[in-house]
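Student: A structural model of the following input is requested.
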Amino acid sequence: MTDARFEIAAGFLPLLDSALLVAAREKGFAADEGVALNLVRETSWANVRDRLAVGHFQVAHMLAPMPIACNLGLTPLAATTIVPMALGLGGNAVTVSNALWARMAAHGATDDLAPRAAGDALRAVVAEKAGGGQPPLRFAVVHPHSGHNYELRYWLAACGIDPDRKAEIVIVPPPLMADALGSGALDGFCAGEPWNTAAVMLGHGQIATVKAKIWRSSPEKVLGADARWAEANDDALAALLRAVYRSAQWCAEPANHQELAAILAAPAYVGRPAEWMRPALSGRMHIGPDATVDVQDFFVPQAKAATFPWKSHALWFYSQMVRWGQVGHSAGNTAVARETYRPDLYRAALKPLGVALPGANAKVEGALAATTPVGSAGASLTLGPDGFFDGSLFDPDELDGYIAAQGQDRNG
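Tutor: Residues are numbered from 1 along each chain as shown. Reported below is the predicted structural model:
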């Protein structure tokens, strides 16, 4: 261990996917890189964003679309924010109340987490409620500019449910999700772990489907960095990226999951029972009172270039911002979204480690039906499978056509 050359403050929310930052500090990977990493637990994503903007944090555990929204001027208080690294793939689920699950099960929903079957059953319930003059179902997501919001909307729309006209979507901080479901304030929510597992273990609901099945190998949280700080402190940022990469390798090892769950359970971090963390780490999800399902790649900390900041991920999130009316589509806005993600910084920091570095900055999302070797520098690299559940593809080189088709789908 070396003396700290860099002091870095990082904001985070109490979620399983803060693990890479938490382990970087607790297992000494940050200290080994000369980084004194000060982790500050926050209560909402808006607080994380705002404190990064005013200089309280240099970096933060952030929703993957949030830095893009900041740079597009969609937030009231935001600094120019870059994404030099992702913090894993997957990790979310859609959980519904026991009452809603009973109605969905009556329409064919089953315990296999299949997005199509669950969505078709949900559409039948939505039609029933509308026919009976009942209010629409209320779902919660953690922030308007979140993967949760976009994947929930994508799933609903692909299953024939207009998320703006046939459902209500509200914003609730992640730690309040399970209790809001149990109180009857929500019919369902899309959130990260451990809050879906919490809702099940507390007897409040059933996991209906998961992010890893809606869009396999899809992005969720990223390391957001104040662009001005990053430019002025490139050595510090590079040291942090190396520390977090080593942390990702440690977090990915099944032999370390018991210890990782115990670390995350501490009051300074997630502050909930370790047994709430273990299902997502193992992929053996307890989805209901009498149902456990093995979910391949539920949360991926390191494999499949899980920490690489793909520009195609940034552009897909941007396409959803356009689709749902958050921003207009233009060449300028496209460029802002594309340049928010910085694989150049990732490569520069990690090249000395000899790790697998993708040869491209973007890829066609949803194109890999099986695990596939791809071109890389350093170690060998495999990606996929990465399909969307409805069989669609997102080619970042065909962004205009993708956005136009979504607009037609929404209007139709």
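Student: How confident is the prediction for the most centrally placed residue in the chain, by pLDDT?
Tutor: Nearest to the mean C-alpha position of the chain, by Cα atoms, centre = their mean, lies E220 at 1.7 Å. pLDDT recorded at E220 is 96.
Student: Pull out the buried residues from the lengthiest helix in the chain.
Tutor: In the chain, taking DSSP state H as the definition, the longest helix is helix 234-252. Judged by neighbour count using 16 or more other Cβ atoms under 10 Å, the buried positions of helix 234-252 are 236-252. C-beta coordinates here come from the backbone N, C-alpha and C atoms, glycine included.
Student: which residues are in contact with the helix or strand just after that helix?
Tutor: On the C-terminal side of helix 234-252, the closest following helix or strand by DSSP states H and E is helix 257-265. For helix 257-265, the external contacting residues (Cβ atoms under 8 Å, 6 or more residues apart in numbering) are 16, 18-19, 22-23, 26, 251, 269-278, 281-282.
Student: can you tell me which of the residues you listed are in helices?
Tutor: Short answer: these in helices (DSSP H) are 19, 22-23, 26, 251, 274-278, 281-282.
Student: Show me which of these is closest to P174.
Tutor: For those, the closest approach to P174 (Cβ to Cβ) belongs to W276, at 12.5 Å.
Student: what number of residues lie near the closest one?
Tutor: For W276, the neighbour count with other Cβ atoms under 10 Å is 24.
Student: Give me the distance between the residue found closest to it once you drop the neighbours it is linked to in the chain and R165.
Tutor: Closest residue in space to W276, ignoring its immediate chain neighbours: P194 at 3.9 Å, by Cβ to Cβ, 6 or more residues apart in numbering. To R165, P194 is 32 Å away according to Cβ to Cβ, to the nearest Å.
Student: now swap in A121 and tell me
Tutor: Applying Cβ to Cβ to A121 and R165 gives a distance of 19 Å.
Student: go on, A225?
Tutor: 38 Å.
Student: same thing with M285?
Tutor: For M285, the distance to R165 - Cβ to Cβ - is 31 Å.
Student: who has more neighbours, the two?
Tutor: For M285 versus R165, the count of surrounding residues by other Cβ under 10 Å is larger for M285: 23 against 9.
Student: Just grab the bridge partners of the more buried one for me.
Tutor: M285 forms beta bridges with V293, as assigned by DSSP bridges.
Student: got the contact list for it?
Tutor: 93, 113, 197, 207, 210, 279, 292-295, 298 are the contacts of M285 under Cβ under 8 Å, 6+ apart.
Student: wait, which of those is closest to R41?
Tutor: Using Cβ to Cβ, T197 comes nearest to R41 of the contacts of M285, at 19.5 Å.
Student: Pull the residues that contact the helix or strand harbouring that closest one.
Tutor: For T197, the host element (DSSP H and E) is helix 195-201. Residues from elsewhere that reach helix 195-201, judged by Cβ under 8 Å, 6+ apart: 15, 92-93, 95, 174-175, 177-178, 181-182, 189, 205-207, 272, 275-276, 279-280, 285-289.
Student: Just the CA atoms of that helix, as PDB, please.
Tutor: Output of helix 195-201 as PDB, limited to C-alpha atoms (Å, rounded to 0.1, in the frame of the first residue of the first chain):
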ATOM      1  CA  TRP A 195     -34.900  -3.300  -3.100                       C
ATOM      2  CA  ASN A 196     -36.700  -5.900  -5.200                       C
ATOM      3  CA  THR A 197     -35.500  -8.700  -3.000                       C
ATOM      4  CA  ALA A 198     -36.500  -6.600   0.000                       C
ATOM      5  CA  ALA A 199     -40.000  -6.300  -1.200                       C
ATOM      6  CA  VAL A 200     -40.300 -10.100  -1.600                       C
ATOM      7  CA  MET A 201     -38.600 -10.900   1.700                       C
END
